[in-house]
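Peer 1: test case, fold it:
(one chain, ligands or ions: 1)
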Amino acid sequence: MGFFSKIKKLWKKDKQDQTQKIQIEEKKVPTQETQEISSTPKEDLEQKISLALAQAEPRLSIWLDILLQDIETKGDELWSRLELFFNKLEVPQKEASDFIAKFKDWLDKMEYEHISEFRSELQYRLALALDLEDEEDERSRLFIKLSEGLSKTKAQLSKQINNLISSSSHFDTNFWEQLEEILIMADVGFNPTLKLIDNLKLRAKEISPGDQEAFKKIFAQELASLFPKPSKKLIALKPEVVLLIGVNGVGKTTTIAKLAYRAQMQGKKVLMVGADTFRAAAIEQLKIWADRVGVGFYSKEHGSDPAAVAYEAMDKALKENFDLVLVDTAGRLHTKVNLMEELSKIKRVLNKKHPGSPHRTILVLDATTGQNALSQVDLFSKSVPIDEIILTKLDGTAKGGVVVGIASEYNIPITFIGLGEKMEDLRPFDGKSFAKALLD
Ligand SMILES: Nc1nc2c(ncn2[C@@H]2O[C@H](COP(=O)(O)OP(=O)(O)OP(=O)(O)O)[C@@H](O)[C@H]2O)c(=O)[nH]1
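Peer 2: Residues are numbered from 1 along each chain as shown. Sure thing, here's the model as predicted:
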């Protein structure tokens with residue numbers, strides 16, 4: 001559990017005391033001598049920041065506004081503000097220094113200087129460490145990120161729906177036929193479109209014809225209702241083992257790195273496993289990501305038996321007390337070797353070594369491939385039970401409707417979506433926010 005996870009209790013519990021404590025300090029009127037010694041401008045500033053933090057509403061964005069005031073670029077002032085923040089929260093020195101060191105390292109790697117380049121990432125890292133992602137603060141940021149990421153789909157889908165509704169005085173046959181065409185063009189898929197329209201026809205009886213807002217409201221509700229919620233699996237014995245499957249090029253390796261990054265920010269010890277021993281660059285690519293994120297890595301030489309890699313990695317994970325194991329698998333093999341059989345063998349070996357694992361099998365799909373993504377669900381789900389789907393590259397497509405099609409056709413929860421190539425560009429998926437972002 002990340003060090004900040006105590007923060008909400010700590011902050012609320014001591015908030016009152018801290019304010020009083022600081023106010024008492026403020027009241028002490030130092031003599032001329034102590035004045036010179038005790039309150040340098042830096043200490044004055046620190047005291048002002050501490051007081052403002054203690055009095056502020058416990059919301060990450062507000063805390064950051066206070067902490068980062070007058071800060072334009074990375075540098076000593078920024079590090080000392082973060083140190084002040086962490087010590088206000090009584091964070092163990094080592095964890096606080098690790099957080100700052102990792103962030104500094106990331107800024108150097110990305111060659112970021114100005115606050116506008118890194119403020120979002122800093123808030124995201126703190127939100128993960130704070131375990132505050134589900135808070136309204138992060139949710140609204142996620143919504144903005146989602147809306148930006150879906151801009152291409154939104155531009156097409158919601159604009160056409162708005163035009164259709166505002167030009168229709170009645171929800172007649174012509175209206176439904178046009179809506180059907182819009183949904184299919186957005187890659188929702190034929191069956192999911194029919195299902196959605198049938199539900200909308202029933203609901204439309206509740207509203208007056210041509211009422212744009214009312215229709216969009218029931219439309220967003222019907223869309224959101226299509227998305228199954230992921231089940232929270234309790235892991236009896238750690239490490240939690242996650243198998244990532246999917247064809248080449250969908251963004252699997254990047255997604256594994258993003259998942260590792262999130263887990264690490266939440267204070268977990270993560271092992272990335274290169275069980276795609278078929279594609280030459282796969283092992284090296286994953287190793288680069290593991291070093292970049294700063295997590296553990298295990299693989300063997302190219303061409304090794306993937307199941308053997310999985311077995312030995314599991315051995316390492318158990319011996320070295322990892323919390324999370326992310327297993328990358330091949331997107332394809334020699335045609336003579338059946339990929340599905342290979343995946344089943346990896347699952348058997350993992351389960352033998354660590355009963356109950358893999359705890360989750362995640363299929364990674366590329367949203368830009370539209371209906372082709374649906375056929376990949378079909379291909380994989382026939383032989384490997386899929387627990388979750390992660391849809392990548394939603395930022396790159398105008399066909400975000402495929403999300404609806406997948407959820408509606410296969411009833412497999414979509415847990416994360418990829419909204420870009422950077423570490424923070426993997427966000428939890430929430431059907432309601434997606435529907436709102438699409439139709440807002
Ligand atoms: N815009 C965008 N690009 C992404 C996203 N996820 C991955 N990519 C890019 O997609 C390309 C392929 O990503 P990889 O992670 O290498 O894909 P892969 O599935 O591992 O492919 P193989 O390594 O061939 O198996 C890379 O250039 C990634 O940066 C995303 O959410 N948005």
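Peer 1: burial check on the residue lying closest to R125 once chain neighbours are set aside, number of neighbours?
Peer 2: Spatial nearest neighbour of R125, excluding adjacent residues (C-beta to C-beta, 6 or more residues apart in numbering): M265 at 5.5 Å. Yep, even glycine has a C-beta here, placed from its N, CA and C like the rest. By other C-beta atoms under 10 Å, the residues close to M265 number 23.
Peer 1: list the contacts for the residue of the stretch 51-200 of the chain found nearest the ligand?
Peer 2: Nearest residue of the stretch 51-200 of the chain to the ligand, counting by C-beta to the nearest ligand atom: G149, 8.2 Å away. Contacts for G149 (C-beta atoms under 8 Å, 6 or more residues apart in numbering) come out as L394, D395, I417, L419, G420.
Peer 1: from the ligand, how far off is the residue nearest to R125?
Peer 2: Distance, M265 to the ligand, by C-beta to the nearest ligand atom, to the nearest Å: 18 Å.
Peer 1: low-confidence stretches in the stretch 1-150 of the chain?
Peer 2: 1-40, 132-139, 141 (pLDDT under 70).
Peer 1: would you list every one of the helices in it?
Peer 2: Here the stretch 1-150 of the chain has its helices, by DSSP state H, counting those that start in this stretch, at 7-27, 32-38, 41-55, 60-67, 76-88, 93-110, 115-130, 136-149.
Peer 1: picking that back up, can I assume the residue nearest to R125 is in contact with L128?
Peer 2: Yes - here M265 reaches L128: they are 3.5 Å apart, a contact under C-beta atoms under 8 Å.
Peer 1: format the helices of the stretch 1-150 of the chain as a markdown table; extra columns: distance to Q376.
Peer 2: As requested, the helices of the stretch 1-150 of the chain are arranged in a markdown table below (distance: least, C-beta to C-beta, whole Å):
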| stretch | distance to Q376 |
| --- | --- |
| helix 7-27 | 40 |
| helix 32-38 | 66 |
| helix 41-55 | 48 |
| helix 60-67 | 37 |
| helix 76-88 | 43 |
| helix 93-110 | 32 |
| helix 115-130 | 29 |
| helix 136-149 | 21 |
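Peer 1: nearest to A310, of those helices?
Peer 2: Taking C-beta to C-beta, helix 115-130 is the member of the helices of the stretch 1-150 of the chain nearest to A310, at 27.3 Å.
Peer 1: what is the neighbour count of H359?
Peer 2: Around H359 there are 20 residues (other C-beta under 10 Å).
Peer 1: could you list the buried residues of stretch 100-116?
Peer 2: I100, F103, W106, L107 (16 or more other C-beta atoms under 10 Å).
Peer 1: which element, helix or strand, includes G274?
Peer 2: Counting by DSSP states H and E, the element that carries G274 is strand 270-275.
Peer 1: just checking: what are the partner strands of that strand?
Peer 2: Neighbouring strands of strand 270-275 in its sheet, by DSSP bridges, are strand 296-299 (parallel), strand 324-329 (parallel).
Peer 1: what comes up buried for it?
Peer 2: Quick answer for strand 270-275 (16+ other C-beta under 10 Å): V270, L271, M272, V273, G274, A275.
Peer 1: beta-bridge partners for the last one, please?
Peer 2: Meaning A275. The partner residues for A275, given DSSP bridges, come to T329.
Peer 1: now the residue lying closest to P428 once chain neighbours are set aside: phi and psi?
Peer 2: Leaving aside its chain neighbours, P428 sits nearest to F416 (6.0 Å; criterion: C-beta to C-beta, 6+ apart). Phi and psi for F416, reported as degrees, to the nearest 10, are phi -140, psi 160.
Peer 1: what about F416, neighbour count?
Peer 2: 21.
Peer 1: just the one 10 residues further on next, same as before
Peer 2: By other C-beta under 10 Å, the residues close to L426 number 22.
Peer 1: if you skip the residues just before and after it, what's nearest to it?
Peer 2: Per C-beta to C-beta, 6+ apart, closest to L426 is K258, 3.7 Å.
Peer 1: so what's that neighbour up against?
Peer 2: F416, G418, M423, D425, L426.
Peer 1: any idea which helix or strand carries it?
Peer 2: Residue-wise, K258 maps onto helix 252-265 under DSSP H and E.
Peer 1: just the C-alphas of that helix, formatted as CSV.
Peer 2: Taking C-alpha atoms only, helix 252-265 is exported to CSV below (Å, rounded to 0.1, in the frame of the first residue of the first chain):
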residue,chain,number,x,y,z
LYS,A,252,0.2,-5.0,-25.5
THR,A,253,3.8,-4.2,-24.4
THR,A,254,3.1,-0.5,-23.8
THR,A,255,0.0,-1.5,-21.8
ILE,A,256,1.9,-3.9,-19.6
ALA,A,257,4.3,-1.1,-18.9
LYS,A,258,1.5,1.3,-18.1
LEU,A,259,-0.1,-1.3,-15.7
ALA,A,260,3.3,-1.9,-14.1
TYR,A,261,3.7,1.9,-13.7
ARG,A,262,0.3,2.3,-12.0
ALA,A,263,0.9,-0.6,-9.6
GLN,A,264,4.3,0.6,-8.7
MET,A,265,2.9,4.1,-8.0
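Peer 1: and the residue of the stretch 101-250 of the chain found nearest the ligand, what are its phi and psi?
Peer 2: Of all residues in the stretch 101-250 of the chain, N248 sits closest to the ligand, at 3.7 Å by C-beta to the nearest ligand atom. Backbone torsions for N248, taken as degrees, to the nearest 10, come to phi -70, psi 140.
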